[in-house]
Structure formats: structure tokens, C-alpha cells
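**Q** quick one, fold the following:
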Amino acid sequence: MSVDGGETEKPGTGDQYGPDGLRGQQSSDTLPPAGAPAADAVGSRDLERINPPHLAPPTGFSHAVRATAPGTLVFLAGQTALDGSGRIVGDGIVEQFERALSNLLEVAAASGAGPSDLAKLTVFAVDIADYRRHARDIGRVWKRLVGSAFPAMAVIGATRLWDEAALVEIEGIAVVRQ
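**A** Residues are numbered from 1 along each chain as shown. Reported below is the predicted structural model:
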């Protein structure tokens, strides 16, 4: 599937498929028209945040993010609170979240992506209850470093991360416009 909305060839078939995966149709044939009351769609630099009103209002994430302009996908590897010497820094979840997010944003910037280009993030936390207890502080860190553009996001509980001292790891996908 092409990020730029064009048709792509399904591998091994020679058939042309539109960006929605349906042969001979464009995504606009299967999606509600822009501005339709069925969804709250907010755009930011060609990433459209979609939050249907019949779902619970999202807090700190978007239900979906659609890339509406040509671009390049950048897959951002999981980042923890490692400093430049390879040591985990930060005693608590908030400090480690800030460092992990800062590391992710640095990798994104090196790839040509800014905070508003983040389309999807996954946060892995070793203690979901602790993450939830500090959600407001984590939200303040997010707003300070990224702003109010929220990607599609999930928080997943993990028994342990690669770095034993890590409390949180963040991975993502960005769309860099051409």
C-alpha cells in the first residue's frame, strides 16, 4: 500500500490495488467525506487525526491517524531512558518517560521527522499501575516536548524490557512529507 495515496501492485499478482487495499477503488470511496459529522478529524501537516464521536473521547492519543499527503514512513526503534554512555537515567517513570521520548524525538529528527510527523507510538511499561498513577505528569512532559498533536497510541504492560533498569520504552512510526 502506498503512503502517497496512489495505487500499488499487490506482490505476485500484477493486480492494481488502491490505498485502501481494494482493487479499482480509491480510499475516498470507502471513507466518510472530509468534515462529515461521523468523525472528528484534525489535520496537522498532512496527518489527519480521526476520533469518531461514538467512541470514548481519547485522552492523550488519537483513535486513528491517516497520512493524507505523499511521504516516507520512518520506523523508530524502541527507545529507553539511556544516556549517551548507555546507562539508564531517571529514578521514576516520569523521568524515564521524558528521557525515552527525548531519545525517540532525536532519532526522528535525525530521520527528517518532527514531533508533528509522529503517526503511531507504542509505549511499553513494566508497571502499568505506576504509569497510570503518573499519567498527568507524563502528559505534561508530552505537551512540553511534542505539543498537542497526539498520534495513534497504545500503552502495553511488559514483564521486563531489554535494559533491566528501564521502566518504559517507546517505539513509533513517523511520516515524513516529501
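**Q** quick one, longest helix in the protein?
**A** helix 93-110 (DSSP state H).
**Q** any idea how far it is from the chain center?
**A** Averaging C-alpha positions (C-alpha atoms, centre = their mean, to the nearest Å) puts helix 93-110 13 Å from its chain's average.
**Q** could I get the buried residue list for it?
**A** Buried residues in helix 93-110, counted by 16 or more other C-beta atoms under 10 Å: 93-101, 103-105, 107-108. C-beta: built from backbone N, CA, C; applies to glycine.
**Q** got the angle between the next helix or strand after it and helix 93-110?
**A** Using DSSP states H and E, the next helix or strand after helix 93-110 towards the C-terminus is strand 118-125. Angle, strand 118-125 to helix 93-110, by axes from the mean of the first three to the mean of the last three C-alpha atoms, to 10 degrees: 150 degrees.
**Q** how far out from the middle of the chain is strand 118-125?
**A** Strand 118-125 has its C-alpha centroid displaced from the chain centroid by 5 Å (C-alpha atoms, centre = their mean).
**Q** same check, this time on stretch 122-135
**A** Taking the mean of its C-alpha atoms, stretch 122-135 sits 17 Å from the chain's own mean (C-alpha atoms, centre = their mean).
**Q** endpoints of that stretch, how far apart?
**A** One end of stretch 122-135 to the other measures 15 Å (C-alpha to C-alpha, to the nearest Å).
**Q** now do the buried residues in that stretch.
**A** Buried-residue list, stretch 122-135, by 16+ other C-beta under 10 Å: 122-126, 131, 134.
**Q** still on that earlier bit, hmm, who's touching the longest helix of the chain?
**A** Outside helix 93-110, the residues that touch it by C-beta atoms under 8 Å, 6 or more residues apart in numbering are 74, 76-77, 79-83, 88-90, 114-115, 117-118, 121, 123, 125, 127, 130-131, 134, 137-138, 141-142, 145-146, 166-172, 174.
**Q** keep only those of these that are in helices.
**A** Those of those lying in helices (DSSP H): 130-131, 137-138, 141-142, 145.
**Q** closest to Gly157 out of those?
**A** Nearest to Gly157 out of the ones in helices among the contacts of helix 93-110 is Tyr131 (C-beta to C-beta; 8.5 Å).
**Q** how close does that closest one sit to Val94?
**A** Going from Tyr131 to Val94 by C-beta to C-beta, to the nearest Å gives 9 Å.
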